[in-house]
Each structure stands twice: as C-alpha cells, then as structure tokens.
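Student: Got a predicted structure here, sequence first:
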Amino acid sequence: MKLTALLIAIEVGGTVAFAMSGLIEAMRKRMDVVGVFSVAFVSAFGGGTVRDLLLDRRPLFWVEHEAYLWLVLAMVITAPWWLRAALKDAGARLMEWADAFGLGLFAISGTSIALGAGMSPGVSVLMGATTAIVGGVARDVLCNEVPKVYQDHRPYALCAVAGSMVFLGLGGLGLGSELASLAGIAVATGSRLLAVAFDWQLPGWRLPQK
Amino acid sequence: MKLTALLIAIEVGGTVAFAMSGLIEAMRKRMDVVGVFSVAFVSAFGGGTVRDLLLDRRPLFWVEHEAYLWLVLAMVITAPWWLRAALKDAGARLMEWADAFGLGLFAISGTSIALGAGMSPGVSVLMGATTAIVGGVARDVLCNEVPKVYQDHRPYALCAVAGSMVFLGLGGLGLGSELASLAGIAVATGSRLLAVAFDWQLPGWRLPQK
Amino acid sequence: MKLTALLIAIEVGGTVAFAMSGLIEAMRKRMDVVGVFSVAFVSAFGGGTVRDLLLDRRPLFWVEHEAYLWLVLAMVITAPWWLRAALKDAGARLMEWADAFGLGLFAISGTSIALGAGMSPGVSVLMGATTAIVGGVARDVLCNEVPKVYQDHRPYALCAVAGSMVFLGLGGLGLGSELASLAGIAVATGSRLLAVAFDWQLPGWRLPQK
C-alpha cells in the first residue's frame, strides 16, 4: 500500500523531469507545438512504455494513470510562461538536477516492477536501466542526434545500474522495500550529481587503429 | 457488419496513401528496392502496428488481412511504371491529398479501435493520432531526418485530434458510428487540406533567450 | 529436441556476429562503454525482440536464456583485448563473414519461430527477414545514419528471403526441419557471400525526374 504510493510519487517526479528535458530539446530544434508535445511525451513515457511492452504489462502506466498524460500536456501548453523563469538563472543546472532525479527514480521503479513480474535480478537491473535511459535515447533519435547518453563519457546509465544493485542488495538483506528504494535512488541520483560536479570520465572504448 | 466493411475500406485507403509517401521518400534517398519496400511498409503499417502493440491486440491487422502486405509489395515492384505518370503534372499536390486522406482515415480508425478496446476518450484520441502520425515519424527516422510532422508548423496532428473529437462527440450524441466516422474523417482531412491551401501556421514554441 | 538444440546454436552464432557489428560501429562513433554495450545489445537482440513483440511471445528469448546477456556484456568488456587481434589482418572480411552468417542464421530461426506460432508462409518469411535485418537497422538509427541495408544496393534482405523460402519449400516437401534449416541457412549465407564477392547490384529504384 505505502509502497504503491511511493512508486507513484517516484513516477510523477521522474515524468516531470524527463518531460522537461524533451520539451527543451524539441524547442531547441524549433519544433512546433505538436513536435514539442510528442518529444516531451516520448521522453517522459518512452522508457516505461518499452519496459511494459517487454514485460507484457497492461494497461500501460500512462493508460492506467491518465493524469500523467494531462500533466505533460499542461506542461507543454504553459511552457512559454514558466520556462523563461525556470531557465533564467540556472538553466543548465536545473536540467542536470531534474535529469539526475529522473534517472534515479526511473531506474529503481523499473527494477522494482521487473522484479515483481518475476524477472531475475540481472534482467531486472537491465529493465531499470532501460526505464531510465530509453526515453532520452528516443528523444535524441527523434531530434536526429546520436543519443547523448551513449557519448557522454560521464557515467549515467552506470549510475542507474549502481542504484538498482544497491536496491536489490538491501532488499535481499531484508531491508523494507521503501528504505531500499530510497537508498537505491540516493545512490543513482547522488552518483550522477557527483559525476557531473567532478567530471568523472569513463574509459574510452576506441576502435584500434589498423 | 457494415461498420467493419467501412473500417476496412478506411484502412485500405490509408495504407495506399501512406505507403506512397514512404515509397517516394525512400526513392529520394536513393535506397535500393529493399529499402523502398521497408520504408513504404513502415510508413503504411507503422502507426497501426504501434497502436496494436500498445493496446495488446493480436493478430496485428496486416497479419489478419495479409492482402495489405501483398498490396504494398505490388506497389513497390510496379512503382517505376506508374510513379512517373502519377508525378508528371501534379506530384506535390497528389502527395498532399493522399497524405491528408491517410491522416483522416487512420485517425478515426485508430480512435474507434482504441474505444472498442475499452480505452477512455482521451487515450482513444491519442491512439488515433498515434495511428495517423507514427508511420510518418518512423519513415523520417529511417531516412535520417527530423520528423516533418514535428516541424511542419502547419496543423497536421491537430487535424487528426479535431477529427477524432468530432467522431467521439457525434457518437456520444447518438449518431450511428458510420456517419460519425465519415464526419470525423471529413473534419480531419478537410481541415488539413484547408491548412495546406491557406498556409495556416501554428504558434511557434521557441526556447526563450537567456 | 535436436531441433531445439539446433535453433539455440543458430541463435548463439547469430548473436555473436551481430553484437560484433554493433560493437565496431559504436566504437567508430567514439561512444563510451555504455553506448557500445547498448548498440551491441540492440544489434544482437533487436531483430529477435521485435519479432517476439510482433508475435506476442514471452518470455523474450534473451530473458529465457539470460546467458546471451552475459555473453554480450563479456564481449564488450573484453573488446579492447581481442578486437585489435581480430581486426589486424582481416577486419573488413571478418565483419562480412560474421554478418553473412548472422543473416542466414537469424532469417531461418525467425521464419521457423513464426511458423511455429501459426503464421502463414508469407508472414513467416517477413518475420525471418525482420529478425535478420531489424537489429542492423536499429544499430544504424542509434548511430544516426541511414540504415546501410536500405542503401547497400547489393542483395542482403533478399538473401534472407531466398533462404527462408528454401527452408519453407524443403519443409513442405517433407524434408526434416534440421536439414531444411541447414539448407536455408546455406542459401541465405552463401548467396550473401557471393553477392559481396562478385559485387552483385540490385536494380536502382530512382524517383523519375519531372
């Protein structure tokens, strides 16, 4: 009961954060209002929808909780008013924080849902990462760019994996699922914020020169 | 019974129109015959397939009515003969009309199918728009372009939404579903043709300058 | 029983070949380790996953046989060590052979699985081609390129179709499914290797000049 409430809070937070990233990216590409809505929608719901398709879960979460749909629609329609204020003094930073929270929130909710659907721990962690990154990948594909998450060279998906493993590990040790969720989110979001702040770099994976 | 016949007529018409848009776009990109078939196929069936995946409907409509498959295959193989004639004096206009009819036809069939699957009116309208625009979005992604429908700045998806709302509204008022379908298609297709003829513009959704 | 073993061997071989193509392409784009893993994973499992989604089969094959996941992960992590040696004297040729084997292997397994799911011969051949080419198409979309298979102008998907038709034809003539599978793979892979060796060209499908 309380877990369900926590999971819903997790998905609302992640949805707003990811919709905002799609909204801003679509505006950068000078899309019209339909493009902005579509890209915001896909950014916010793409990861969870692919997760649900792969797990064969119905109804999809944005069908079951239709309010998410109207929330994103309202964000897009009102964007010209609130976005200027939101970007004024801390644009890039705001986006990084929203993105880091969405990452942690979606990774843990995806892992938790996959586990509940009977997946193994390995597949559950992969489903968590899928939930967290597929929305952003779809956003970049629709904007005709190579997915940023694949070329960032700072850990992003790996933070999601780390958070999911902490969540699974603490759950396995008998911790309640709410505390385990919060710890997992803290690890995923926190490690991403640290990675951005200190500019951690992943090792390059270059093709050897012949 | 008659509704089913109408829905099939709707899907045949939309399929031909959308396959043609994919076929022409793939030829512009100098794809080979496999690329032309694939892009025509995805343009024609992409929207309906995504709709069916999201609604968990099986068999997919192009599996149930396999003749659609052979129709698109025949269009691609015979394209070198009929396409020159079709493009000769009215190429751009032909495409715009075919596209506008596909838009109206797919929007209403998608909305109707989603409603029949127990979706709410809001989700049904979204499914109608999905059926209408996802084929074109997938076509543009495969051709490595930003989806035209997102940058057109003339109403396109909004025409689909308007038609679907008219269809739902008239159905709610007790009109028979065939008449409601025809009215919805007329609104969606007609408003698109007017938008093109008079160059209606959507308001821009620009990112504010910092 | 033995057919199952054969199908598994088919999928392991195809998985390694296609994962390698994604891995090399992602490295060319200078992606980080997460991008390399994601693109390798999508190249290897994309075709089979789309096939399973369209056929509504669960569990997905990489969920059922989780070892595939760890295989691709191990390939990516160890790539810096083995890839240099593998590319040293026969890079392009190695890729072409691996790709041709993946093509034949995936086409026949996809056709066979679709047939087992009750699909018609026409849809089964299409599902075989889908299994064989969708991974590569998704790889190129994620790398922000027009899918190579659509612009290659040498037969590729058509080799998959030819192999699948031989498989279906020999099966229909009463040949055991193992022999029919091997013959189909030989036709698909062999015709692709011949197409590359002798530079066979598909007829162009150009848009007529107005």
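Tutor: Cool, got the structure.
Student: which parts of chain A sit against chain B?
Tutor: Residues of chain A that fall close to chain B, judged by C-beta under 8 Å from any C-beta of the partner chain: A:24, A:26-36, A:38-39, A:49, A:53, A:56, A:58, A:60, A:63, A:66, A:69-70, A:76, A:79-80, A:83-84, A:87-88, A:91, A:141-144. Using the backbone N, CA and C atoms, a C-beta is placed for each residue, glycine as well.
Student: one more time with 7 Å, if that's ok
Tutor: A:24, A:27-36, A:38, A:53, A:58, A:60, A:63, A:66, A:69, A:79, A:83-84, A:87, A:91, A:141-144 (C-beta under 7 Å from any C-beta of the partner chain).
Student: Would you mind measuring from the residue nearest to A:Ala157 when sequence neighbours are not counted to C:Leu83?
Tutor: Closest residue in space to A:Ala157, ignoring its immediate chain neighbours: C:Val34 at 4.4 Å, by C-beta to C-beta, 6 or more residues apart in numbering or on different chains. C:Val34 sits 17 Å away from C:Leu83, going by C-beta to C-beta, to the nearest Å.
Student: before we move on, the earlier item: whichever of the residues of chain A next to chain B end up buried, select them in PyMOL.
Tutor: Command for PyMOL, covering only those of the residues of chain A next to chain B found buried under the criterion 16 or more other C-beta atoms under 10 Å in any protein chain shown:
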select buried, chain A and resi 24+27+29+30+31+32+33+34+35+36+38+53+60+63+66+69+79+83+87+141+142+143
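Student: And the pLDDT for the closest residue to chain B within chain A?
Tutor: Nearest residue of chain A to chain B, counting by C-beta to the nearest C-beta: A:Gly35, 2.8 Å away. Predicted confidence (pLDDT) for A:Gly35: 90.
Student: Let me see the mean pLDDT of stretch A:191-201.
Tutor: Per-residue scores along stretch A:191-201 average to 90.
Student: again with stretch A:106-125
Tutor: 93.
Student: Could you work out the end-to-end span of it for me?
Tutor: End-to-end distance for stretch A:106-125, by C-alpha to C-alpha, to the nearest Å: 11 Å.
Student: Tell me if it is near chain C.
Tutor: Yes - using C-beta under 7 Å from any C-beta, stretch A:106-125 comes into contact with chain C via A:Met119, A:Ser120, A:Gly122, A:Val123.
Student: Can you pull the phi/psi pair for the spatially closest residue to the second one that is not a sequence neighbour?
Tutor: Taking C-beta to C-beta, 6+ apart as the measure, A:Ser120 lies nearest to C:Glu66, with 6.0 Å between them; neighbours along the chain are not counted. Note on C:Glu66: backbone dihedrals following degrees, to the nearest 10 are phi -60, psi -20.
Student: For C:Glu66, list the residues it contacts.
Tutor: A:Ser120, A:Gly122, A:Val123 (C-beta atoms under 7 Å, 6 or more residues apart in numbering or on different chains).
Student: mind running it again at 10 Å?
Tutor: Applying C-beta atoms under 10 Å, 6 or more residues apart in numbering or on different chains, we find C:Glu66 in contact with A:Met119, A:Ser120, A:Pro121, A:Gly122, A:Val123, A:Leu126, C:Pro59.
Student: so A:Val33 makes contact with B:His153?
Tutor: Yes - A:Val33 lies in contact with B:His153 (C-beta atoms under 10 Å); the separation is 9.1 Å.
Student: Format the CA atom coordinates belonging to the helix or strand where A:Thr78 lies as PDB.
Tutor: Taking DSSP states H and E as the definition, A:Thr78 sits inside helix A:67-88. Provided in PDB are the C-alpha atoms of helix A:67-88 (Å, rounded to 0.1, in the frame of the first residue of the first chain):
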ATOM      1  CA  ALA A  67      -3.500  12.100 -15.200                       C
ATOM      2  CA  TYR A  68       0.200  11.700 -16.400                       C
ATOM      3  CA  LEU A  69      -1.000  12.500 -19.900                       C
ATOM      4  CA  TRP A  70      -2.800  15.600 -18.900                       C
ATOM      5  CA  LEU A  71       0.200  16.700 -16.800                       C
ATOM      6  CA  VAL A  72       2.600  16.600 -19.700                       C
ATOM      7  CA  LEU A  73       0.000  18.300 -22.000                       C
ATOM      8  CA  ALA A  74      -0.400  21.100 -19.400                       C
ATOM      9  CA  MET A  75       3.400  21.400 -19.100                       C
ATOM     10  CA  VAL A  76       3.700  21.900 -22.800                       C
ATOM     11  CA  ILE A  77       0.900  24.400 -23.200                       C
ATOM     12  CA  THR A  78       2.100  26.500 -20.300                       C
ATOM     13  CA  ALA A  79       5.800  26.200 -21.200                       C
ATOM     14  CA  PRO A  80       6.100  29.700 -22.700                       C
ATOM     15  CA  TRP A  81       5.200  31.200 -19.300                       C
ATOM     16  CA  TRP A  82       7.100  29.100 -16.800                       C
ATOM     17  CA  LEU A  83      10.100  28.100 -18.900                       C
ATOM     18  CA  ARG A  84      11.600  31.600 -19.200                       C
ATOM     19  CA  ALA A  85      11.600  31.900 -15.400                       C
ATOM     20  CA  ALA A  86      12.900  28.400 -14.900                       C
ATOM     21  CA  LEU A  87      15.800  29.000 -17.300                       C
ATOM     22  CA  LYS A  88      16.700  32.500 -16.200                       C
END
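Student: list the buried ones in it?
Tutor: A:Tyr68, A:Leu69, A:Leu71, A:Val72, A:Leu73, A:Met75, A:Val76, A:Ala79, A:Pro80, A:Leu83, A:Ala86, A:Leu87.
Student: which ones are touching the fifth one?
Tutor: When contacts are counted by C-beta under 10 Å, 6+ apart, A:Leu73 is found next to A:Ala19, A:Phe37, A:Ala40, A:Phe41, B:Gly122, B:Leu126.
Student: Top of these by number of neighbours, please.
Tutor: Counting neighbours by other C-beta atoms under 10 Å in any protein chain shown, A:Ala19 leads the contacts of A:Leu73 with 29 neighbours.
Student: measure that residue to A:Met127 for me?
Tutor: Distance from A:Ala19 to A:Met127, by C-beta to C-beta: 21 Å.
Student: cool, A:Ala138 as well?
Tutor: Taken as C-beta to C-beta, the span from A:Ala138 to A:Met127 is 16 Å.
Student: more crowded one of the two?
Tutor: More neighbours surround A:Met127 than the other of A:Ala138 and A:Met127, with 27 against 21 (other C-beta under 10 Å).
Student: Please identify which helix or strand holds that one.
Tutor: Using DSSP H and E, A:Met127 falls in helix A:121-142.
Student: Equivalent analysis for A:Trp200, please.
Tutor: Judged by DSSP H and E, A:Trp200 forms part of no helix or strand.
Student: on that earlier part again, can you mark which positions in the helix holding A:Met127 are buried?
Tutor: A:121, A:123-142.
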